[in-house]
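K.L.:
quick one, structure for this:
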Amino acid sequence: MIARSWLFVPADSERKLARAGESGAGAVILDLEDSVGPDRKPDAREMAAAWLRARAPRPSAWVRVNALDTGLAMADLAAVVAARPDGIVLPKCSGREDLVRLDAALSALEAREGLAEGAIAVLPIVTETPAAMFALRDYAGAPRLAALTWGGEDLAAALGAKANRREDGSWDEPYRLARSLTLIAAAAAGVAALDTVYADARNLEGFRRDCAEARRLGFAGRLAIHPAQVPIIEEAFAPTAEERAWAEAVVAAFKADPGAGVVSLEGRMIDRPHLVQARRILGL
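P.N.:
Down below sits the predicted model:
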């Protein structure tokens, strides 16, 4: 199972780190990348490692390192792997090759620290560069892959766009494409898709509508930049009582007749795709 809500926390902020565990988020992402200035990177690494060592078992704890081509990622990994994060968030992932490179580095560090190989999972952000858009078909079977998520802010900067959303708040066309392809790529790879951040942290109603759309499309959760967004994510992506009851009934019907391709449920014909959907709902 994958967490529904993922809260970014700047790793160089003592105040925000102290409150991270109280946010209610399913996963906390200690950020060493965009929210930390160049001069603060060494301090952020130390503070992230200290927080990881002192943390409670919940929430799940991940670290967003700097991109592989910055020359900073290896120092980030060396600093935090010993503190045993649950996973690494990889920004500006260009494709499967980046995950192979990251897997090799993590395997070496896990061996050095006496951790089981593969103990640390990876969540790549897969649409932050134009070239990455053409590599989305290749994530199936990639090492350590926990889920896929996407990013519209860096992509907008790379495209030279003035904005990435329309006046009504909806995504403009290139970013709708990135969002949709991430969702499809995650399904092809057999992992969950997580929707990206909503930059206007004050617009909670707009965020609520955006989350409802993401859930309807098939996303399993969402990244957050403010604690106030966390309960909205948790509510939006949790299955309702009616959905859970339907899913349990579908699973039970196929369990009672495991060889069937189609079963009857309350007078309606239910086939194998409904069983897949039911299991997904229960997984949420």
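
K.L.:
burial check on residue 56, number of neighbours?
P.N.:
A count of nearby residues for residue 56, using other C-beta atoms under 10 Å, gives 7. Where you see a C-beta, it was placed from the backbone N, CA and C, and this is true even at glycine.

K.L.:
so it: helix, strand or coil?
P.N.:
For residue 56, the assignment made with DSSP: H, G, I helix; E, B strand; the rest coil gives coil.

K.L.:
pretty sure it contacts residue 21?
P.N.:
Yes: when contacts are counted by C-beta atoms under 8 Å, residue 56 is listed as touching residue 21 (6.1 Å).

K.L.:
how about the helices in this protein?
P.N.:
In the chain, the segments counted as helices under DSSP state H are 14-20, 41-54, 73-80, 96-113, 153-159, 173-189, 204-217, 230-237, 241-256, 272-283.

K.L.:
residue 128 is nearest to which of those?
P.N.:
For the helices of the chain, proximity to residue 128 was assessed by C-beta to C-beta; helix 153-159 is nearest, at 3.8 Å.

K.L.:
domain parsing for this structure?
P.N.:
With domains defined by automatic domain parsing, the chain comprises 5-238, 242-283.

K.L.:
please identify the deepest-packed of those domains.
P.N.:
domain 5-238 (a mean of 19; mean count of other C-beta atoms under 10 Å).

K.L.:
so where is this structure shaky, pLDDT-wise?
P.N.:
Low-confidence segments of the chain, defined by pLDDT under 70, are located at 284.

K.L.:
so residue 36 touches residue 12, yeah?
P.N.:
Yes: in this structure, residue 36 is within contact of residue 12 by C-beta under 8 Å, at 5.1 Å.

K.L.:
mutual contacts of those two, please.
P.N.:
Residues touching both residue 36 and residue 12 comprise residue 44, with contact defined as C-beta atoms under 8 Å, 6 or more residues apart in numbering.

K.L.:
which ones are touching residue 196?
P.N.:
Contacts of residue 196 (C-beta under 8 Å, 6+ apart): 149-152, 179, 222-223.

K.L.:
would you turn those residues into JSON lines with distance to residue 231?
P.N.:
Below are these laid out as JSON lines (distance: C-beta to C-beta, whole Å):
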{"residue": "149", "distance to residue 231": "20"}
{"residue": "150", "distance to residue 231": "23"}
{"residue": "151", "distance to residue 231": "23"}
{"residue": "152", "distance to residue 231": "23"}
{"residue": "179", "distance to residue 231": "23"}
{"residue": "222", "distance to residue 231": "12"}
{"residue": "223", "distance to residue 231": "15"}
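
K.L.:
for residue 278, state which of these is nearest.
P.N.:
Using C-beta to C-beta as the measure, the one of those that approaches residue 278 most closely is residue 222, at 22.4 Å.

K.L.:
tell me the contacts of the closest one?
P.N.:
The neighbours of residue 222, taking C-beta under 8 Å, 6+ apart as the test, are 4-6, 194-198, 211, 214, 229, 233, 236-237.

K.L.:
from the residues you listed, which is closest to residue 168?
P.N.:
Nearest member of the contacts of residue 222 to residue 168, counting by C-beta to C-beta, is residue 198, at 14.2 Å.

K.L.:
how close does that closest one sit to residue 217?
P.N.:
The spacing between residue 198 and residue 217, counted by C-beta to C-beta, to the nearest Å, is 15 Å.

K.L.:
same question for residue 226.
P.N.:
Here residue 226 is placed at a distance of 23 Å from residue 217 (C-beta to C-beta).

K.L.:
next one: residue 17
P.N.:
With distances taken as C-beta to C-beta, residue 17 is found 33 Å from residue 217.

K.L.:
now swap in residue 179 and tell me
P.N.:
From residue 179 across to residue 217, the span is 8 Å (C-beta to C-beta).

K.L.:
likewise residue 131?
P.N.:
Note on residue 131: its distance to residue 217, by C-beta to C-beta, is 25 Å.

K.L.:
right, I'll leave it there.
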